[in-house]
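Peer 1: When you get a sec, could you give me coordinates for this:
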Amino acid sequence: MIKKIFKAVLPATYRKIGKSEQKILDALIEQNSLLRAEISKLNGRIDSLENTLFQKIQDESNWKRTDIVNDMRPLLAEVKQTVENESNWKRADIVNDMRPLLAEVKQTVENESNWKRDDLVRNIEENKNLLRLLDFSQENMFYAMYKKDGESEIDAKKRFFKSIPEATGGLRLLQKANSVLLQQFDKICKKFDLPYFFCGGNLVGAVRTGSQVPWDDDIDVIMLRHDIKKLASALDGNKDFRITVLFDWWGKCKQIRFRFKNEKIPVFLDIFIYDVYKGEYKDNPESYNHIEMVKFLEATDLPEVQYWKKHPYLYDSDEHFTAIEKIFNRFSLHSNAIVDNFENYPIKTILRSSENVNAYPHHRFYKYEQFFPCKKISFEGYEYLVPNDYMGFLKDNYGDVFKLPLDIFTHFEHIPHNELESEEFKQMIETLLELYGQKNQGDSL
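Peer 2: Sure thing, here's the model as predicted:
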């Protein structure tokens, strides 16, 4: 290779020297090549030795490093713990320093939220008033066009509601079953001299048309607390009917229901508790006590309340029932002024129980004369008891019951109405109606 390079780079010089000199030069060049080859081999061996030595040094370093790390672990753990402790102390100091500022920020946010909420409530009320005015104008226009010549406005309104078709299908069967249950309830109350009073949708229906509101699906009555106790005692051992008592988490209320003994029959009558109050008649300034109870129930971590949340329908047979009842009693309005009966109290006032109320103004005081003596009203072909001033009672709770209905499609379904169309349900109710239709002809409880 070197000889070729020499000839290529210095061709003239190579040609000028003699033959003998060229031989000597060629020999030297050849020897040089051999030496270079040996040097290259030596370099290769040196590289190999260097790599081997480097690997050994590296392995030794790894072993040493591993030993060092193992030796350092306890010290590192101690350092880490010290740093964490220091961080916790610092964090705790920071949190403590921040508490006043956080409280101030929270209060500022709450104040701002209250202002916003107050503004929103005012806007909602203003809009409601506008809607009421619009509804009132439209309703007046409707009845003005609907009314016949010479017909009074109230007669026109009654005629309108009577023109609304009654319920059909499974819902109408349920309403008929409600009527059967109501008839049996009335018989028992008459037998044991227990007064009750129509309320809710069935009182509205009785006033409007003498029948159930076409989209309603339950029966509501009022009873005084001590009469409910008497009713429960009267039903003890009854083979056909029973009283159920439960606390409803969703409504935050106590439900008392009169129903069939047969648990498969989904028909019931709601009984709303009213109390005798030994104070004088007045508007109730403490109606928000129930709201305070609701706030307490939502915020507390008491185990019995947490259990109630998980079991929203808590029956009186449950071991946690008494604990929840004590909470209700704690928030009961005027508990020291509520008595069992009217005896020895010249001022007679009736109060809706806080166990059945979830918003003002439904928690009201009523004069004794507004309820007693009872009156009767026709409903589904039978006569039932109503408060003495039942129209005043309705106005307190519903306003004008002859207003155009707004809840036809939004009325609460105690039983999902699609379930009422099943053949199983219809057959069960038809059997029930046939059975109690025969009883009504001659049997007595």
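
Peer 1: And Gln370, how far from Gly200?
Peer 2: 17 Å (CB to CB, to the nearest Å). C-beta coordinates here come from the backbone N, C-alpha and C atoms, glycine included.

Peer 1: Show me the strands in the stretch 101-250 of the chain, by range?
Peer 2: Applying DSSP state E, counting those that start in this stretch to the stretch 101-250 of the chain gives strands spanning 197-199, 219-224, 241-248.

Peer 1: where are the low-confidence patches of the stretch 251-400 of the chain?
Peer 2: Applying pLDDT under 70 to the stretch 251-400 of the chain picks out residues 279-288, 332-337, 340-347, 357-364.

Peer 1: rerun at 90
Peer 2: 251-253, 263, 274-296, 298, 328-368, 396-399 (pLDDT under 90).

Peer 1: likewise the stretch 1-150 of the chain?
Peer 2: Judged by pLDDT under 90, the stretches of the stretch 1-150 of the chain that qualify are 1-147.

Peer 1: redo that, cut-off 50
Peer 2: 1-14, 16 (pLDDT under 50).

Peer 1: Can you name the residues bridging to Phe379?
Peer 2: Counting by DSSP bridges, Phe379 is bridged to Tyr382.

Peer 1: can I assume it is in contact with Ser211?
Peer 2: Yes - in this structure Phe379 lies within contact range of Ser211 using CB atoms under 8 Å: 6.9 Å.

Peer 1: These two: which has the busier surroundings?
Peer 2: Applying other CB atoms under 10 Å to Phe379 and Ser211 shows that Phe379 carries more neighbours, namely 22 against 19.

Peer 1: ok, now which ones touch the more buried one?
Peer 2: Counting by CB atoms under 8 Å, 6 or more residues apart in numbering, Phe379 touches 182, 198, 202, 205-206, 210-212.

Peer 1: Relative to Asn329, which of the residues you listed is nearest.
Peer 2: Phe198 (28.1 Å; CB to CB).

Peer 1: Show me whatever sits in contact with both of Phe379 and Ser211.
Peer 2: Both Phe379 and Ser211 are in contact with Gly205, where contact means CB under 8 Å, 6+ apart.

Peer 1: what's Gly392 in contact with, if anything?
Peer 2: Gln370.

Peer 1: The chain should start at 787 in everything you say after this.
Peer 2: Will do, 787 is the new start, and the previous item becomes Gly1178.

Peer 1: returning to that earlier point: comparing the strands of the stretch 887-1036 of the chain, which comes out most buried?
Peer 2: Most buried of these, by mean neighbour count (mean count of other CB atoms under 10 Å): strand 983-985, with a mean of 25.

Peer 1: elements contacting it?
Peer 2: With contacts defined as 3 or more CB pairs under 8 Å, 6 or more residues apart in numbering; DSSP states H and E, strand 983-985 has these neighbours: strand 1005-1010, strand 1168-1172, helix 1176-1184.

Peer 1: any chance of those in a markdown table, plus distance to Leu1083?
Peer 2: Shown next, in a markdown table, are the helices and strands packed on strand 983-985 (distance: least, CB to CB, whole Å):
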| stretch | distance to Leu1083 |
| --- | --- |
| strand 1005-1010 | 24 |
| strand 1168-1172 | 34 |
| helix 1176-1184 | 25 |
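
Peer 1: Quick one, which of these gets closest to Ala1085.
Peer 2: Between the helices and strands packed on strand 983-985, helix 1176-1184 lies closest to Ala1085; by CB to CB that is 29.9 Å.

Peer 1: buried sites along the closest one?
Peer 2: 1176, 1179-1180, 1183 (16 or more other CB atoms under 10 Å).

Peer 1: from the residues you listed, which two are the most distant?
Peer 2: Longest span within these, CB to CB: Tyr1176 and Asn1183, 10.6 Å.

Peer 1: which helices and strands does the lengthiest strand in the chain pack with?
Peer 2: Longest strand in the chain, counting residues (DSSP state E): strand 1054-1063. When contacts are defined as 3+ CB pairs under 8 Å, 6+ apart, strand 1054-1063 packs onto helix 955-977, strand 1005-1010, helix 1011-1020, strand 1039-1046, strand 1124-1125, strand 1135-1138.

Peer 1: Lys943: what's its closest spatial neighbour, skipping adjacent residues?
Peer 2: Using CB to CB, 6 or more residues apart in numbering and skipping the chain neighbours, the partner closest in space to Lys943 is Phe1188 (4.1 Å).

Peer 1: Would you double-check that that neighbour falls in a strand?
Peer 2: No - counting by DSSP: H, G, I helix; E, B strand; the rest coil, one finds Phe1188 to be coil, located in no strand.

Peer 1: Next, count neighbours for it.
Peer 2: Phe1188 is flanked by 18 other residues according to other CB under 10 Å.

Peer 1: Repeat that for Thr1135.
Peer 2: So Thr1135, with other CB under 10 Å, has 21 neighbours.

Peer 1: thought it was touching Tyr1060?
Peer 2: No - with contacts counted by CB under 8 Å, Thr1135 stays clear of Tyr1060, the gap being 10.5 Å.

Peer 1: Dump the strands of the stretch 887-1036 of the chain to CSV, plus mean pLDDT and distance to Leu1021.
Peer 2: Shown next, in CSV, are those (pLDDT from 0 to 100; distance: least, CB to CB, whole Å):
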stretch, mean pLDDT, distance to Leu1021
strand 983-985, 97, 19
strand 1005-1010, 95, 13
strand 1027-1034, 94, 6
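
Peer 1: To Lys1161, which of those lies closest?
Peer 2: The nearest among those, by CB to CB, is strand 983-985 at 9.3 Å.

Peer 1: quick one: strands adjacent to that closest one?
Peer 2: Checking strand 983-985 against DSSP bridges gives partners strand 1005-1010 (antiparallel).

Peer 1: Can you tell me what sits against the strand it pairs with?
Peer 2: By CB under 8 Å, 6+ apart, strand 1005-1010 touches 964, 967-968, 971, 980-989, 1017, 1054-1062, 1136, 1173.

Peer 1: Can you tell me how far the spatially closest residue to Ala942 that is not a sequence neighbour is from Asp941?
Peer 2: Distance criterion CB to CB, 6+ apart; nearest residue to Ala942, sequence neighbours excluded, is Lys933 at 4.0 Å. As judged by CB to CB, Lys933 and Asp941 stand 8 Å apart.

Peer 1: between these two, who's got more neighbours?
Peer 2: Lys933 (16 against 12).

Peer 1: quick one, phi/psi of the more buried one?
Peer 2: phi -70, psi 140 (degrees, to the nearest 10).
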